[in-house]
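[1] predicted coordinates and the sequence they were generated for:
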Amino acid sequence: MRTTIRLNDSLLLQAKHHAASTRRSLTQVIADGLVSLLERERGAQSPRRVQLPVFHGDGTYDGVDTNRSAALLECMENGERQGLG
């Protein structure tokens, strides 16, 4: 549907810059903004949100510091040699 809206020059310029920097059309930026506002005021969740899968397990191996990639790599290499990987 087409409609006409009136925006002050500064807001329109900011919206155009934002659209260009996010590689979206001005129409899409305005539509996204309206959806966001309406959802926030209704307290609703966005229909664009997705349910992320959750994996259950025992976690990491004892003694593996997942913040150290070298320790993780070492564990993975040892696991492959032991038939665990």
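    Yep, that arrived. Numbering: from 1, shown residues only.

[2] tally of neighbours for Gln14?
    Counted with other CB atoms under 10 Å, residues neighbouring Gln14 total 13. No exception for glycine: its C-beta is placed from N, CA and C like everyone else's.

[3] residues contacting it?
    The neighbourhood of Gln14, defined by CB atoms under 8 Å, 6 or more residues apart in numbering, contains no residues.

[4] now do it against Ser69, distance only.
    In this view, Gln14 and Ser69 are 41 Å apart by CB to CB, to the nearest Å.

[5] ramachandran coordinates for Arg24?
    Per-residue torsions, Arg24: phi -130, psi 160 (degrees, to the nearest 10).

[6] and the helices in this structure, which stretches?
    9-21, 26-42, 69-81 (DSSP state H).

[7] so how many other residues sit close to the nearest residue to Ile5 once chain neighbours are set aside?
    Using CB to CB, 6 or more residues apart in numbering and skipping residues adjacent in sequence, the residue nearest Ile5 is Ile30, 7.6 Å away. By other CB under 10 Å, 15 other residues sit near Ile30.
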